[in-house]
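J.: the amino acid sequence is not available; the structure is as follows:
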């Protein structure tokens, strides 16, 4: 590299000939603290604030060999040495702990190459560029979001690069990677993903597939489930070395989120050839969606559709009954009708899983279960079911829905009336409907008028 080429990378340059001063790129000073000169075919740099030569060069995307101005190339990439473009920092990916502290960083350069650094604990604002991981334990990228996702039983996507993680985050997905890419996995990373539902997306090359096969085995017995996503199956024209970012870019913007969700839905459960995996019970091998479907079946819930193909569930719910004095009575069961695509039904599903396992369920599993139950409602019972709103007339009997939490209805016949705790009529309710007054016997019309709002 020539002296003038290096000076072009600096700010606040002053001087002439072979002696210059400039702002040091390693400490972001406001007053020039960097001396730059040339002697005997070598570029000399010195920071009067104490920055090391390595940190100064690293901040400019350079290496020690670039100080030799007799070199016949300005290439500093880690490729084959044929790229003579200047190396410039394209992105800095910080690996932060759960408290938001930067533990180490990956530096991406143009032309494409990478370096690692970490904050120098003894020199604020400066970095260590050599032996970055010698005295520390590396962590996963996006660790805080990953930890939260695992606690909430949300899927975590495991990819090969920080750029992929950031691209997935734009569409609402939590993704992570390990520093330095393929072949650098550590057991401590698997520990960080303990109890997680992990979806592995390998780059389309032999190194990527080999790396993540080892990663999947490392996660066996630690992660709750490990799924493999086959990018070439979803994108047959994916180039060699292509990754999830290529898939996203090739997908129309308005379809990207649903396309990524499709990858997750079609992922294959990884069966690890390990002692830990073989010792898992049948129940633990089942996905959350499979477990929830079994729980729903045990409740005896019924799924059906209306004449306009709206999808519903009829579920049995236990609740305290009410006496004539409006005081809580014995616990009894009643039937409730809930739209399958409604919020109340989703809450009921969440409750079924949590009551059985003591754990929350992932949104992905809920979505899968709702899809299966929707199909049951539409196809298992081919005949539509008639729903009534507020009032119904069946076989000469008039029914009036009280719209209360016990789902009671008044049964009216020619012989009189009574309050039924489990009416045979399926009523559909709307949120705007107001709970009706529980009727009382021996009330006069005058009293009823007084009681009416």
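T.: Ah, there it is. Everything numeric in this text was worked out from a predicted model, so none of it was measured.
J.: measure residue 394 to residue 388 for me?
T.: As judged by Cβ to Cβ, to the nearest Å, residue 394 and residue 388 stand 9 Å apart. Placement of C-beta: from N, CA and C, glycine included.
J.: who's more crowded, these two?
T.: Under the criterion of other Cβ atoms under 10 Å, the comparison of residue 394 against residue 388 puts residue 388 first, with 18 against 13.
J.: surely the more buried one is in contact with residue 427?
T.: Yes: taking contacts as Cβ atoms under 8 Å, residue 388 lies within contact range of residue 427: 5.4 Å.
J.: so where do the helices sit in the stretch 251-400 of the chain?
T.: Here the stretch 251-400 of the chain has its helices, by DSSP state H, counting those that start in this stretch, at 256-265, 275-278, 282-285, 288-299, 343-357, 363-375.
J.: overlap in contacts of residue 388 and residue 427?
T.: Both residue 388 and residue 427 are in contact with residue 401, where contact means Cβ atoms under 8 Å, 6 or more residues apart in numbering.
J.: strands of the stretch 101-250 of the chain, start to end?
T.: With strands called from DSSP state E, counting those that start in this stretch, the stretch 101-250 of the chain shows them at 102-110, 113-119, 127-128, 155-158, 174-176, 197-201, 225-229.
J.: in JSON lines: these, plus mean pLDDT, distance to residue 219 and mean neighbour count.
T.: JSON lines is the format used below for those (pLDDT from 0 to 100; distance: least, Cβ to Cβ, whole Å; neighbours: other Cβ atoms under 10 Å):
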{"stretch": "strand 102-110", "mean pLDDT": "93", "distance to residue 219": "22", "mean neighbour count": "18"}
{"stretch": "strand 113-119", "mean pLDDT": "91", "distance to residue 219": "24", "mean neighbour count": "19"}
{"stretch": "strand 127-128", "mean pLDDT": "92", "distance to residue 219": "30", "mean neighbour count": "22"}
{"stretch": "strand 155-158", "mean pLDDT": "95", "distance to residue 219": "9", "mean neighbour count": "24"}
{"stretch": "strand 174-176", "mean pLDDT": "96", "distance to residue 219": "12", "mean neighbour count": "24"}
{"stretch": "strand 197-201", "mean pLDDT": "94", "distance to residue 219": "6", "mean neighbour count": "24"}
{"stretch": "strand 225-229", "mean pLDDT": "91", "distance to residue 219": "5", "mean neighbour count": "22"}
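J.: want to throw those into CSV with distance to residue 146?
T.: Converted to CSV, these look like this (distance: least, Cβ to Cβ, whole Å):
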stretch, distance to residue 146
strand 102-110, 14
strand 113-119, 20
strand 127-128, 25
strand 155-158, 6
strand 174-176, 5
strand 197-201, 10
strand 225-229, 15
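J.: find the least confident helix or strand in this protein, judged by mean pLDDT.
T.: Ranking every helix and strand in the chain by mean pLDDT, DSSP states H and E puts helix 275-278 at the bottom, with a mean of 42.
J.: state the distance from residue 92 to residue 18.
T.: Using Cβ to Cβ, residue 92 is found at 32 Å from residue 18.
J.: and for residue 235?
T.: In terms of Cβ to Cβ, residue 235 sits 55 Å off from residue 18.
J.: looking at these two, which is more packed in?
T.: residue 235 (18 against 12).
J.: if we can go back for a sec, quick one, which of the helices of the stretch 251-400 of the chain is nearest to residue 434?
T.: Within these, the stretch nearest residue 434 is helix 343-357; the backing value is 17.5 Å (Cβ to Cβ).
J.: now the angle from the closest one to helix 288-299?
T.: With axes from the mean of the first three to the mean of the last three Cα atoms, to 10 degrees applied, the angle from helix 343-357 to helix 288-299 works out at 100 degrees.
J.: what comes up buried for helix 343-357?
T.: 345-346, 348-350, 352-353 (16 or more other Cβ atoms under 10 Å).
J.: pull the number of nearby residues for the closest residue to residue 385 other than its chain neighbours.
T.: Spatial nearest neighbour of residue 385, chain neighbours left out: residue 304 (4.4 Å); criterion: Cβ to Cβ, 6 or more residues apart in numbering. Residue 304: 22 surrounding residues under other Cβ under 10 Å.
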